[in-house]
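Undergrad: Need coordinates for the following:
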Amino acid sequence: MRNWSTKFLTGSITIALAATVAGCGSSNQSGTGASASPQATKAASKEPIAIKILTTTYAEAPPTDVEAIKKLNEKFNVKLSFEYAPVNGYQEKLNALLASNDLPDVTLVWDLNGVQSYANAAKQGAFWELTPYIKNYSNLAKYDTAIYKGLLFEGKTYGIPRVRPLDGHRSLVIRQDWLDKLGLKVPQNMDELWKVMDAFTNNDPDGNGKKDTYAVGATGEGGFANSYTIMFGTSDKWTLDGKGGIIPSFLTPQFRQGIEYWSKAFKAGFLPQDLPILKSSQGKDQMVQGKAGIAFGNVNDSFGYNQIIQKTDPKAKFVSYELPAAPDGKRYYDKASGSFGQMVINKKSVNEEKLKKILEIYDYTATKEGYFLTAYGIQDVDYKTTSLPFLVTQTEEGKKKYTSNSSQWLSGIFNKYSRGESSGMTDEEIKHNYQVIDAIAPNSYPDPSAGLVSPTGLEKGADWTKKLQDGVMNVVIGKSNMDDFDKLVKSFKDDSAYQKYIAEMNAGYKANQK
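TA: Presented below is the predicted three-dimensional model:
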């Protein structure tokens, strides 16, 4: 399983346009002719083509009887219908639909490489392979190749990505007012970070005369956050081994160095002492309640924190910067996947004519015009534009009709600065955040395991993930020591099934390099 590594870090939600996905189809003959122009796609009859779409929702399902959907139906001679299923239990719902062979025309799925049922469905031909088609749809084809590469299944494209930015999800978010009060500079390396963490914990940065602060607003849900080790020079999941192959990141010396550093930081009181039981949402609470002064997250998290904390502490100020350099003097970041799920198209219910119609719709909604219409409605009625090209301000009427979940079926517009923007930012804040993202990009590296699948990993990955999460967390909080970590690593190296997993991943990686 490609996702043996944990998904530790969470980031704040902004109003910035990022992405989403969806689509659908019907009839069941398939064909070739992938070279046909999308502009040549025409309805087989005067009757609208019915397209059923399944995606998630994080709250109540948004209204679908809205002007935007009516305009799409009219423009493409289709009849779009939607099912918004709660995100909790979504995978179970998909598994049931797959088992009954009853998928709608277009369905949101997560990682085809990481979920056995999805992988099996793809292998059995349940979804259209889009590799020969995407190039004919100019807006979909413009998405960064790294995004499509991250979604490959056995070297082929099966889905339309819900696009997200590639950089800006790892940054140092820090209390600038605490730095200023204590006469400290933004930490540029691990030694300087240690001095800042010590001061934030022990030198009364909030000036209330009490020892009631600590450095880092961390949480333990899902394990110990990857960003804490990535900055030492390893990758999120897999790392190049320098010999033409790849290796799980936790087996690298850099990962060990990072865990040792943070275990010492925990012992020194720089992290919350109830770390293992803290939920992801409590990370933000620690920051906006003035308990902690450092987080590692999205560049625009600083603005979100300020919006809350300045209501009770007007002088508080978070600012985002580059991560500190590793002990070797270099800065390291992992490049994000560039997507949050993908929309797959049912090959049973969708013939090639309908497939092209679906792709035509998605190509349009990947434009600013199409995305704004579908996600926000009618300009000057439901929303107003701002000085930023990808941010809008919704009207009160618009908020009733178009929610944050209205765009869950869309692929979206790619905006490299999305994780540095938020509505209401000053020009100075925007300029600073753009500069941070521009500085990060040259030092961020894509996941070398993107698009790879291992049968052994799919079977055993969940157990390995839990074993690794538990073992690393125990070392960080001092329940175990670095000798125990070395024993943990050895147990993986001695596990023949795990070595088979590594061999399968490397075989796939080397095949992709040819």
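Undergrad: drop to CA atoms for contacts and neighbour counts, all remaining ones
TA: OK.
Undergrad: ok, and the closest non-adjacent residue to residue 321?
TA: Across the structure, with C-alpha to C-alpha, 6 or more residues apart in numbering as the measure, the residue nearest residue 321 apart from its sequence neighbours is residue 172 (5.1 Å).
Undergrad: Can you name every helix or strand that the helix or strand where that neighbour lies contacts?
TA: Using DSSP states H and E, the secondary-structure element containing residue 172 is strand 171-175. On a contact count with 3 or more C-alpha pairs under 8 Å, 6 or more residues apart in numbering; DSSP states H and E, strand 171-175 meets strand 292-297, helix 301-309, strand 318-321.
Undergrad: let's see it at 6 Å
TA: The criterion is 3 or more C-alpha pairs under 6 Å, 6 or more residues apart in numbering; DSSP states H and E, and the helices and strands that strand 171-175 contacts are strand 292-297, strand 318-321.
Undergrad: Tell me how far the residue nearest to residue 321 lies from residue 465.
TA: Applying C-alpha to C-alpha, to the nearest Å, one obtains 27 Å for the distance of residue 172 from residue 465.
Undergrad: quick one: which of the two has more around it?
TA: Between residue 172 and residue 465, counted using other C-alpha atoms under 10 Å, residue 172 has the larger neighbour count: 23 against 18.
Undergrad: partner residues bridging that one?
TA: Here residue 172 sits in beta bridges with residue 296, residue 321, going by DSSP bridges.
Undergrad: ok, the residue most central in space within the chain - contacts?
TA: In the chain, the centroid-proximal residue (C-alpha atoms, centre = their mean) is residue 340; its distance is 5.4 Å. Residues in contact with residue 340 (C-alpha atoms under 6 Å, 6 or more residues apart in numbering) are residue 162.
Undergrad: quick one: secondary structure of it?
TA: Of the three states, residue 340 takes strand according to DSSP: H, G, I helix; E, B strand; the rest coil.
Undergrad: For residue 223, see how far away it is.
TA: Applying C-alpha to C-alpha, one obtains 21 Å for the distance of residue 340 from residue 223.
Undergrad: In CSV: the helices and strands packed on strand 171-175, plus mean neighbour count and distance to residue 201.
TA: Rendered in CSV, the data for the helices and strands packed on strand 171-175 read as follows (neighbours: other C-alpha atoms under 10 Å; distance: least, C-alpha to C-alpha, whole Å):
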stretch, mean neighbour count, distance to residue 201
strand 292-297, 26, 8
strand 318-321, 25, 17
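Undergrad: Identify whichever of those lies nearest to residue 498.
TA: Using C-alpha to C-alpha as the criterion, the shortest distance between residue 498 and the helices and strands packed on strand 171-175 is 30.7 Å, found for strand 292-297.
Undergrad: show me the contacts for residue 275.
TA: With C-alpha under 6 Å, 6+ apart, residue 275 has these contacts: 219-220.
Undergrad: Kindly apply the preceding question to residue 153 instead.
TA: Residues in contact with residue 153, defined by C-alpha under 6 Å, 6+ apart, are residue 451.
Undergrad: Recalculate using a threshold of 10 Å.
TA: For residue 153, the set of contacting residues under the criterion of C-alpha atoms under 10 Å, 6 or more residues apart in numbering consists of 111-113, 119, 122-123, 129, 159, 450-453.
Undergrad: what does residue 467 give?
TA: By C-alpha under 10 Å, 6+ apart, the residues touching residue 467 are 461, 488, 492.
Undergrad: Going by neighbour count, which of those residues comes out on top?
TA: Within the contacts of residue 467, most neighbours by other C-alpha under 10 Å means residue 461, with 22 neighbours.
Undergrad: Need the pLDDT of that one.
TA: Turning to residue 461, the model gives it a pLDDT of 93.
Undergrad: Using just helix, strand and coil, how would you label it?
TA: Taken by three-state DSSP, the conformation at residue 461 corresponds to helix.
Undergrad: again, but for residue 50
TA: At residue 50, secondary structure determined by three-state DSSP is strand.
Undergrad: That one against residue 79, yeah?
TA: Yes. Counting by C-alpha atoms under 10 Å, residue 50 does reach residue 79; the two are 4.6 Å apart.
Undergrad: shared neighbours, these two?
TA: Shared contacts of residue 50 and residue 79, counting by C-alpha under 10 Å, 6+ apart, come down to residue 73.
Undergrad: In the protein, where is pLDDT below threshold?
TA: Residues of the chain that meet the criterion pLDDT under 70 lie in 1-45.
Undergrad: if we go to 80?
TA: Across the chain, the ranges flagged by pLDDT under 80 are 1-45, 114, 225, 514.
Undergrad: List only buried entries from the contacts of residue 153.
TA: Neighbour counting by 16 or more other C-alpha atoms under 10 Å classes 111-113, 119, 122, 129, 159, 450-453 among the contacts of residue 153 as buried.
Undergrad: in the stretch 351-500 of the chain, which spans are strands?
TA: Secondary structure of the stretch 351-500 of the chain by DSSP state E, counting those that start in this stretch: the strands cover 383-385, 392-394, 444-445.
Undergrad: Could you give me the buried positions within the second one?
TA: Put plainly, it is strand 392-394. Neighbour count says strand 392-394 has 392-394 buried, by 16+ other C-alpha under 10 Å.
Undergrad: Can you tell me which of these lies closest to residue 62?
TA: Distance to residue 62, by C-alpha to C-alpha, is smallest for residue 394 among the buried residues of strand 392-394, at 15.1 Å.
Undergrad: Quickly list what residue 385 is bridged to.
TA: Applying DSSP bridges to residue 385 gives these bridge partners: residue 392.
Undergrad: from memory it sits against residue 391, does it?
TA: Yes. Proximity of residue 385 to residue 391 meets the contact threshold set by C-alpha under 10 Å, at 6.8 Å.
Undergrad: Looking at the two, which has the bigger crowd around it?
TA: It is residue 391, of residue 385 and residue 391, that has more neighbours when counted by other C-alpha under 10 Å, with 21 against 14.
Undergrad: can you redo the buried residues of strand 392-394 as CSV with distance to residue 258?
TA: Formatted as CSV, the entries for the buried residues of strand 392-394 read as follows, by distance: C-alpha to C-alpha, whole Å:
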residue, distance to residue 258
392, 40
393, 42
394, 43
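Undergrad: and the gap between residue 96 and residue 90?
TA: For residue 96, the distance to residue 90 under the criterion C-alpha to C-alpha works out to 10 Å.
Undergrad: Which of these two has more residues huddled nearby?
TA: When residue 96 and residue 90 are compared for neighbours, residue 90 comes out ahead with 17 against 14, by other C-alpha under 10 Å.
Undergrad: Can you name the residues that contact the more buried one?
TA: The contact partners of residue 90, by C-alpha under 10 Å, 6+ apart, come to 55-57, 84, 96, 108-109.
Undergrad: swap in residue 395?
TA: Contact analysis of residue 395 by C-alpha under 10 Å, 6+ apart lists 376, 379-384.
Undergrad: hang on, residue 54 packs against residue 107?
TA: Yes. With contact defined as C-alpha under 10 Å, residue 54 counts as touching residue 107 (4.8 Å).
Undergrad: Alright, calling it a day.
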